[in-house]
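A.B. asks: Structure, please.
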Amino acid sequence: MTSSDFIVARDDFEQCKTIATELPAVDALPQDALLVKVDRFALTANNITYAVLGDELKYWQLFPAPQGFGNIPVWGFGEAIASTHPNVPVGERLFGYFPMATHLIIEATDVSKRSLRDGAAHRQGVAPVYNAYARVGGDPTYAGRQGDYQALLRPLFMLSFLVDDVLAENDDFGARTVLLSSASSKTAFGLAHLLHARGRKVIGLTSAGNTGFVTSLGCYDEVVTYDRATSMPADAPVAFVDMAGNSALRAGLHRHFGDQMKCSVRVGLTHRATDADEGELPGAKPRWFFAPDQIRKRAKEWGPGGIEQRFGAAWSGFAPTLDKRLTVVESRGPEAVRQVYLDTLKGRIPPEQGHMLSLLG
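C.D. replies: Model prediction:
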């Protein structure tokens, strides 16, 4: 049996191809292993960030690929088509982190009624969330279109939730207005939803072409195009959450707001712009937000299940809005995956679209 794997050159993301990878025979699977058929997965700009940070944050080691290539991790669904674990039956449906591939072998460990973990040696050394799989068979919140929303937005909304948590914990660093770059991105409008719900003024920064979509989301109090960003009034404290990673924009905003820039958090790299030497910027020093640090902090403070309970409540308020905010597009087969990947890489995906893919024909 073989798996089809979509891989990209780690030094040139535009170079990509589908290869066949040999799988062991079912009767040769190691003890407590699952052979999982990956039937659908989400692809968003966030996955490109995984590739950009693949070496730094060890994303490339999760799903090995030939020398010089990498398999970009994606969130999606799979079904166990063979199992040597006594407590995981064939047909078990899983949600979690998968390779862009048709199959994955999982060395199942920490198996419980609701979840399991891949204990493969090469997958250790990363945040535990990346090795965890939810057992979702029969769970309606992971079925059909709701399941697509989980794959497309739940991991991104977790990031939104954690950034909002840091801001709220610090009383927004004295700001009552929050600026979000790349306002059309899914992480940004998830964060805007949360900020708006607790009474903060939220200004979305976006390109001229995305203004209509960002306005239609209904979670921004004001929408400003990038070319007008430094014409905003600068007489009140602001916090800036940078989803774009554009160093010129960031420097311009810092110089415009000066000491009124009370917080500057770097979250994303949607523009994939190379950082320029910004020198010393006025206002709060820009700093990277690293989600696993906040997860560890809150897990200790909130205790077992604390994060899940609070996040679940936030998700239940966000998910019903998605039917009006997102159009899910489904594509199957290697060539379709390749095209959507390249369109995502080059920023050609309309912001209102969410793509669910499968390498299975």
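
A.B. asks: May I see the domains of this protein written out as residue ranges?
C.D. replies: Following automatic domain parsing, one finds the domains of the chain at 2-138+326-358, 155-293.

A.B. asks: For Val223, what is the enclosing helix or strand?
C.D. replies: Taking DSSP states H and E as the definition, one finds Val223 inside strand 222-225.

A.B. asks: Next, the distance between the ends of stretch 213-224.
C.D. replies: Start-to-end span of stretch 213-224 (Cα to Cα, to the nearest Å) is 12 Å.

A.B. asks: Can you list the neighbours in contact with it?
C.D. replies: Contact with stretch 213-224 is made by 180, 183-184, 189, 192-193, 196, 201-206, 211, 232, 325, 350-352, as judged by Cβ atoms under 8 Å, 6 or more residues apart in numbering. C-beta coordinates here come from the backbone N, C-alpha and C atoms, glycine included.

A.B. asks: which residues touch Asn46?
C.D. replies: Counting by Cβ under 8 Å, 6+ apart, Asn46 touches 155-156, 186-187, 268.

A.B. asks: if we go to 10 Å?
C.D. replies: Going by Cβ atoms under 10 Å, 6 or more residues apart in numbering, Asn46 touches 74-75, 152-153, 155-156, 159, 185-187, 243, 268-270, 344.

A.B. asks: Over stretch 144-162, what's the mean pLDDT, rounded is fine.
C.D. replies: Averaging pLDDT along stretch 144-162 yields 94.

A.B. asks: Just the buried residues of that stretch, please?
C.D. replies: 147-162 (16 or more other Cβ atoms under 10 Å).

A.B. asks: Only the buried residues of stretch 333-350, if you could.
C.D. replies: 334, 336-338, 340-341, 344-345, 349.

A.B. asks: So, low pLDDT: which residues of this protein?
C.D. replies: Applying pLDDT under 70 to the chain flags residues 268-279.

A.B. asks: Looking at the buried residues of stretch 144-162, spot the one nearest Ala319.
C.D. replies: Among the buried residues of stretch 144-162, Tyr149 lies closest to Ala319 (Cβ to Cβ), at 6.0 Å.

A.B. asks: heading toward the C-terminus, what's the first helix or strand past the helix or strand hosting that closest one?
C.D. replies: Assigned by DSSP H and E, Tyr149 belongs to helix 144-169. With elements assigned by DSSP H and E, the helix or strand that comes after helix 144-169 is strand 177-180.

A.B. asks: The protein: helices as residue ranges?
C.D. replies: 45-52, 144-169, 186-197, 211-216, 247-257, 291-302, 306-318, 322-325, 334-345 (DSSP state H).

A.B. asks: for the ones you listed, which one sits closest to Gln124?
C.D. replies: Among the helices of the chain, the nearest to Gln124 by Cβ to Cβ is helix 291-302 (14.1 Å).

A.B. asks: Check which residues of the closest one are buried.
C.D. replies: By neighbour count with 16+ other Cβ under 10 Å, helix 291-302 contains the buried residues 291, 294-295, 298.

A.B. asks: For Arg296, see how far away Gln309 is.
C.D. replies: Gln309 sits 17 Å away from Arg296, going by Cβ to Cβ, to the nearest Å.

A.B. asks: ok, back up a step: run the angle between the helix holding Tyr149 and helix 306-318 for me.
C.D. replies: Calculated by axes from the mean of the first three to the mean of the last three Cα atoms, to 10 degrees, helix 144-169 forms an angle of 120 degrees with helix 306-318.

A.B. asks: quick check, distance from helix 144-169 to the centre of its chain.
C.D. replies: In terms of Cα atoms, centre = their mean, to the nearest Å, the gap separating the centre of helix 144-169 from the centre of its chain is 8 Å.
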